[in-house]
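**Q** Mind folding the following:
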Amino acid sequence: MGPFAMSLAGLDPSGGAGLLADIKTFEAHGVTGFGVCTALTVQTDDALLSVEWLSAEKIVEQALPLLSKFPVHYCKIGIVEHPGILLQVLPALQATRPGLQFVVDPVLKASAGYVFHNTALQYWEAVLPRLLLLTPNYEEAMAITGCSSGEQAAQQMAAYCAILLKGGHRPGKEGWDTLYNSTGYTEFEPGQQPVYPKHGSGCVLSAAITAALAMGLGLEEACRTAKAYTARYLQSDISLLGRHIAVLNEERIRKAN
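**A** Down below sits the predicted model:
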């Protein structure tokens, strides 16, 4: 078995977002995925009705036995009740698995409009140095920092960790993702069209990056391949729920064509 990756995310019964989507994405990359629940949600592909949050203690309790037994080096994190929860969870996980690195998708609001929590800048400033990568969309980047543009926000946060500014809601550069770090940035252009909106596309992207890192890719290449995987996911169906095709099968399909 292996390589391994872990997801800390909410349980979405529709399977389009959160924990189930992350595990599907891991498995499609040939990565063994472990799932830790951070919230129980009542939702469909287009409506989120309620959220029951799990405490930091319950999150850690689920993760530690797996981290003790398996060599997990990368962990993706989705929704949590409050960014301050991460200040309790991350050190506990790293104490059990030293060197564990985190990819965080800062989900502040569901695509259906449900607001999970309001940001608190002082908490994010404490969280960011503990991360390998943060993957905000344009609005999330501005909300976290208070900056007037997503680009300015990403540059500011990149002093602490790498930032992948997603292009789904980006004025003037829709579909363009930009990876910022302390020394510069790399842009990733949009993939082939058409693509169709999907419930949980941000979850899929961050999970695909985590899977690629677990497979041994560097951060820039992991972001590039994850963007391509997510584009194919967006193309997979016209509905809000997509299909995950194993990466090896995608390679065979491309070669056959």
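
**Q** Can you tell me the closest non-neighbouring residue to residue 25?
**A** Sequence neighbours aside, residue 207 is the residue nearest to residue 25 in space, at 3.9 Å (criterion: Cβ to Cβ, 6 or more residues apart in numbering). All C-beta atoms are positioned from the backbone trio N, CA, C, and that covers glycine.

**Q** same thing with residue 91?
**A** Using Cβ to Cβ, 6+ apart, the closest residue to residue 91 is residue 130 (7.8 Å).

**Q** Over to residue 158?
**A** residue 180 (3.9 Å).

**Q** What about the one you found? Give its phi and psi, please.
**A** Main-chain torsions, residue 180, degrees, to the nearest 10: phi -100, psi 140.

**Q** Test my guess that it contacts residue 155.
**A** Yes: counting by Cβ atoms under 8 Å, residue 180 does reach residue 155; the two are 5.9 Å apart.

**Q** With neighbour numbers in mind, choose between these two.
**A** residue 180 (23 against 20; other Cβ atoms under 10 Å).

**Q** How many neighbouring residues does residue 184 have?
**A** Counted with other Cβ under 10 Å, residue 184 comes out at 9.

**Q** how about it, phi and psi?
**A** Taking degrees, to the nearest 10 as the convention, residue 184 sits at phi 160, psi -150.

**Q** ok, then the element right after the helix or strand that contains residue 63?
**A** Using DSSP states H and E, residue 63 maps to helix 56-69. With elements assigned by DSSP H and E, the helix or strand that comes after helix 56-69 is strand 74-77.

**Q** which non-adjacent residue is nearest residue 137?
**A** residue 166 is the one closest to residue 137 (Cβ to Cβ, 6+ apart), at 4.5 Å.

**Q** Quick check: buried residues in stretch 196-212?
**A** 198-212 (16 or more other Cβ atoms under 10 Å).

**Q** just checking, residue 40 touches residue 13?
**A** No: between residue 40 and residue 13 no contact is recorded; they are 9.1 Å apart, counting by Cβ under 8 Å.

**Q** In this structure the residue nearest to residue 91 contacts residue 101, no?
**A** No: using Cβ under 8 Å, residue 130 makes no contact with residue 101, being 9.5 Å away.

**Q** Let me know the pLDDT of residue 84.
**A** You'll see residue 84 listed with a pLDDT of 89.

**Q** Kindly apply the preceding question to residue 189 instead.
**A** Residue 189 is given a pLDDT of 89.

**Q** Could you do residue 48 as well?
**A** 87.

**Q** quick one: it and residue 11, what's the gap?
**A** According to Cβ to Cβ, to the nearest Å, residue 48 stands 12 Å off from residue 11.

**Q** So which residues of the stretch 151-257 of the chain form strands?
**A** Counting by DSSP state E, counting those that start in this stretch, the stretch 151-257 of the chain has strands at residues 162-165, 177-181, 184-188.

**Q** Which of the residues in the helix holding residue 63 are classified as buried?
**A** Buried, per 16+ other Cβ under 10 Å, within helix 56-69: 56, 59-60, 62-64, 66-67.
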